[in-house]
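1. could you work out the structure for the sequence below:
(4 chains)
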Number of protein chains: 2
Amino acid sequence: MKHTLDERKQTILLAITRDYISTADPVGSRTIARRYELGISPATIRNEMADLEEMGYLEQPHTSAGRIPSQKGYRFYVDRLMEHERLAEGEQTAIREALEVKAREIEQVIHQAVRIISDLTSCAAVVLLPEISRGRIHTLRLLPVEPGRALLVMISSSGMITNRILPIPSQVSENDLQWISGYLTERLKGLTLLDLDEHLITAILEELRGYSAFSRQLLEALVRSVQQADGGKVITGGATNILSQPEFRDIEKARDVISIFERSHDLSQLLFASRPLGVKITIGNENVLAELRACSLVSAVYFVGGLPSGALGVVGPTRMNYARVISIVEYVARMINDCFDDPF
Amino acid sequence: MKHTLDERKQTILLAITRDYISTADPVGSRTIARRYELGISPATIRNEMADLEEMGYLEQPHTSAGRIPSQKGYRFYVDRLMEHERLAEGEQTAIREALEVKAREIEQVIHQAVRIISDLTSCAAVVLLPEISRGRIHTLRLLPVEPGRALLVMISSSGMITNRILPIPSQVSENDLQWISGYLTERLKGLTLLDLDEHLITAILEELRGYSAFSRQLLEALVRSVQQADGGKVITGGATNILSQPEFRDIEKARDVISIFERSHDLSQLLFASRPLGVKITIGNENVLAELRACSLVSAVYFVGGLPSGALGVVGPTRMNYARVISIVEYVARMINDCFDDPF
DNA sequence: GTTAGCACTCGACGGGAGAGAGTGCTAATC
DNA sequence: GATTAGCACTCTCTCCCGTCGAGTGCTAAC
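-> Numbers count the residues shown, from 1 in each chain, chains lettered A, B, ... in the order given. Predicted coordinates for the structure are as follows:
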């Protein structure tokens, strides 16, 4: 048995994959012969299809049905056969307009991105916001709220802003707060929350001896925000689109997929695994999550201030229009990068 | 035809409703006679059922099926027949524990509330966060971020915190920012963003003549945040629970309902209509949204700092366990009220 | 007013027939 | 040796039909 696909086999695999992607019906030899001018008869195509099936590129739902691409088939299609698509001019401008929010703050832009992605792809869209804990600290500020309470405002270099209310000793004055804010900003600027280990904390406490009780509390609150859900927040949209796909007509399968969108922790893990460069495509079982074995994920990392900060992705059936989805994900990622070259 | 229901009719309606709620099967006269000791024969029950159907309290899916409550039937059940349920001690503590987050900030508590509500009810949960624009202004603060950019932090009396980055003229110094922050906080404290009309703005601009270009920009940014999505943000969870209900085995119906959860604007409208006191129950067609005609909504308003600030609700099939859902919604609302008696 | 009895209706289930799509194999052809 | 026509075969899908069971409505008796 040959292990490489000769040109004709590739052509046939391409034809089958294309056809199946657009019709969702298993495709037979006659259909291929009629629809694509390959100059060979259905019988020949059948022989080739049998070979392709034996090699693992095609599957047959049942004996007298046509063939559908297997996971390996999709992989080969995506890696070798698919022609990369250039997004239509109109869609490019649609994306640009969607992302142009008046206040160009990252959270709002991300929300718009989710919407436009899910609309254009007819799949579900997922975007991972910049993680607070991985962004570099840009500004820390403590504001008085009530006696005994202060608001900690943290701005990260990726443009994310966190708020947290913490208890403070009541003798701390507004001036103290301001002084400490300035000090901490100066001291921690450029570091990430992950850098705030026990070692650094004790060093700072040493330096801040005059404020020790308070500053320990404060630093601990900072560290807590590392662990808390605020980092890696996930925005999703268009989950309903998936319910329209014929492969999810079965409610059990639909529920599996939809439930993923409610477990934002798992989702963020998934997106986080995206490679820093280009678009990553995860097909069917390649997904770690069992619930996504009938789906593919197309994801890309976006950059804020030149640093990889978050990721965006599209979740759809393995039968998705990869060429189109990829070009959309790519374009949106690029627009976000451009938009947040400088986050402020 | 009588227009009131005698006691026996009520008993039968109650029995049918209860049975249908727990089994999801249309219930017949024999079942009622067997399962509830009414001392009357199936035939008599049939007669009564025929009457109830004629009066509009019951429906028949098809000729030889049992009866199910109509919308009017559910309404009567909820208003007159249903016994109010006291939440089990264990569930009460489960709720209290879920809501006890370390940092008791409103957004986090709300997230927990959504989770616990959807878990306990097996329905979808929806919570409306306090609207920025309706909360009273507690603190306004401008922080320098970059040359030409400031971060506006607004704390409302309901504990909600908004951040917005705005461009500022580069000659404005940190001291200026601080002075204006203090001035505006003093001037606007206790007002809502809705009070910030053209009239008030010009008055303030007059007072702030020295800073006029800047302060106009600033005030406009404030007003913009009234219109922007930040107010009335909706948190949802447990939409998958709905997919497990037999009435949504049909994917079309499921999609309708799920799609509601992606249109947060409509959802917030819906919740906003809740009455300020007690629990509101909206059954089937009583819902404004066509997609919810197969669902009921149980909602309640919660208070922060003594003011009605947001609302929480449960969306489920009309066949939901009203008594249970109501007691859960009621209890969670009460816990939130207690928790945010003073938001800070 | 209540109930027993009974004919009737309707959906669910299962088997069987027929259509349609597609295959794999064989033998003929290029 | 590769390609193709022909053909028998397989499998699903759909429709039809008969049966079963649940439940009803009506009537007549209690």
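2. show me where the stretch 51-200 of chain A has its strands.
-> A:58-59, A:68-69, A:124-128, A:137-146, A:149-156, A:161-167 (DSSP state E, counting those that start in this stretch).
3. which bits of the stretch 1-150 of chain A sit near DNA strand C?
-> A:25-31, A:42-43, A:46, A:49-50, A:53, A:60, A:63-67 (C-beta under 7 Å from any atom of the strand). Yep, even glycine has a C-beta here, placed from its N, CA and C like the rest.
4. now with 10 Å, please.
-> A:16, A:19, A:23, A:25-34, A:41-51, A:53-54, A:58, A:60, A:62-67 (C-beta under 10 Å from any atom of the strand).
5. in the stretch 151-300 of chain A, which ranges drop under the pLDDT threshold?
-> A:211-213, A:225-231, A:275-276 (pLDDT under 70).
6. which residues in it form helices?
-> A:174-188, A:198-207, A:212-227, A:239-243, A:251-260, A:264-272 (DSSP state H, counting those that start in this stretch).
7. show me the contact partners of the second one.
-> Which is helix A:198-207. With contacts defined as C-beta atoms under 8 Å, 6 or more residues apart in numbering or on different chains, helix A:198-207 is touched by A:L184, A:R187, A:S212, A:S215, A:R216, A:L219, A:V223.
8. most tightly surrounded among the helices of the stretch 151-300 of chain A?
-> Of those, the one with the most neighbours on average (mean count of other C-beta atoms under 10 Å in any protein chain shown) is helix A:239-243, at a mean of 23.
9. can you list contacts of that one?
-> So helix A:239-243 is contacted by A:118, A:121-124, A:248, A:254, A:257-258, A:261, A:315-317, B:251, B:254-255, B:258-259, B:262 (C-beta under 8 Å, 6+ apart).
10. ok, 10 Å please
-> Contacts of helix A:239-243 with the rest of the structure, by C-beta atoms under 10 Å, 6 or more residues apart in numbering or on different chains, involve A:118-119, A:121-126, A:248-249, A:251, A:253-255, A:257-262, A:295, A:314-317, B:239-240, B:243, B:251-252, B:254-263.
11. ditto for stretch A:51-61
-> Contacts of stretch A:51-61 (C-beta under 10 Å, 6+ apart): A:1-6, A:9-10, A:12-13, A:16-17, A:20, A:26-27, A:48-50, A:65-77.
12. buried ones among the residues of the stretch 1-150 of chain A next to DNA strand C?
-> Buried residues within these, counting neighbours by 16 or more other C-beta atoms under 10 Å in any protein chain shown: A:16, A:19, A:26-29, A:31-33, A:45-46, A:48-49, A:51, A:58, A:66-67.
13. and the residues of the stretch 1-150 of chain A next to DNA strand C near DNA strand D, which?
-> A:26, A:29, A:33, A:41-48, A:60, A:62-65.
14. domain boundaries for chain A, per the record?
-> What automatic domain parsing lists as the domains of chain A is A:7-81, A:89-130+A:232-339, A:137-227.
15. one step back: quick one: which of the helices of the stretch 151-300 of chain A is nearest A:T162?
-> If you check each of these against A:T162 by C-beta to C-beta, helix A:212-227 wins as the nearest, at 6.0 Å.
16. and A:M82, what pLDDT?
-> A:M82 is assigned 96 on the pLDDT scale.
17. A:R324 touches A:T121, doesn't it?
-> Yes - here A:R324 reaches A:T121: they are 7.0 Å apart, a contact under C-beta atoms under 10 Å.
18. and for those two, which residues touch both?
-> Common neighbours of A:R324 and A:T121, using C-beta under 10 Å, 6+ apart, are A:V298, A:V314.
19. ranges for the helices of the stretch 1-150 of chain A?
-> Under DSSP H, counting those that start in this stretch, the stretch 1-150 of chain A gives helices at A:7-23, A:29-35, A:42-55, A:71-76, A:89-99, A:106-121.
20. turn those helices into a markdown table, columns for distance to A:M335 and mean pLDDT.
-> Below are those laid out as a markdown table (distance: least, C-beta to C-beta, whole Å; pLDDT from 0 to 100):
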| stretch | distance to A:M335 | mean pLDDT |
| --- | --- | --- |
| helix A:7-23 | 26 | 96 |
| helix A:29-35 | 36 | 92 |
| helix A:42-55 | 39 | 95 |
| helix A:71-76 | 27 | 97 |
| helix A:89-99 | 5 | 96 |
| helix A:106-121 | 8 | 94 |
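21. A:G66 contacts A:S29, doesn't it?
-> Yes - with contact defined as C-beta under 10 Å, A:G66 reaches A:S29; the gap is 7.8 Å.
22. find residues that contact each of these two.
-> Common neighbours of A:G66 and A:S29 (C-beta under 10 Å, 6+ apart) are A:I16, A:M49.
23. what about A:D342, distance to DNA strand C?
-> Computed as C-beta to the nearest atom of the strand, to the nearest Å, the A:D342 to DNA strand C distance reads 55 Å.
24. likewise A:S122?
-> Counting by C-beta to the nearest atom of the strand - A:S122 and DNA strand C are separated by 24 Å.
25. check that residue and give its pLDDT.
-> 97.
26. residues contacting it?
-> Neighbours of A:S122 in contact, by C-beta under 10 Å, 6+ apart: A:G238, A:N241, A:I242, A:S244, A:Q245, A:V314, A:G316, A:M320, A:N321, A:R324, A:V325.
27. now the buried members of these.
-> A:G238, A:N241, A:I242, A:Q245, A:V314, A:G316, A:M320, A:N321, A:R324, A:V325.
28. of these, which belong to strands?
-> A:V314, A:G316 (DSSP state E).
29. still on that earlier bit, ok, which pair from the ones next to DNA strand D among the residues of the stretch 1-150 of chain A next to DNA strand C is furthest apart?
-> Among these, A:S41 and A:H62 lie farthest apart (C-beta to C-beta), at 24.0 Å.
30. what's the end-to-end length of stretch A:156-171?
-> 29 Å (C-alpha to C-alpha, to the nearest Å).
31. quick one: stretch A:297-311 to chain centroid distance?
-> Distance, stretch centre to chain centre, for stretch A:297-311: 8 Å (C-alpha atoms, centre = their mean, to the nearest Å).
32. alpha carbons of that stretch, as CSV, please.
-> What follows is stretch A:297-311 as a C-alpha-only set of coordinates in CSV (Å, rounded to 0.1, in the frame of the first residue of the first chain):
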residue,chain,number,x,y,z
LEU,A,297,-11.6,24.9,16.5
VAL,A,298,-9.8,27.6,14.5
SER,A,299,-7.9,30.0,16.8
ALA,A,300,-5.4,32.7,16.7
VAL,A,301,-3.5,34.8,19.2
TYR,A,302,-3.8,38.5,19.2
PHE,A,303,-1.3,41.0,20.4
VAL,A,304,-1.7,44.1,22.6
GLY,A,305,1.2,46.4,22.8
GLY,A,306,3.3,43.9,20.8
LEU,A,307,2.8,41.1,23.3
PRO,A,308,0.7,38.0,22.8
SER,A,309,-2.2,38.7,25.2
GLY,A,310,-5.3,36.8,24.3
ALA,A,311,-6.8,34.5,21.7
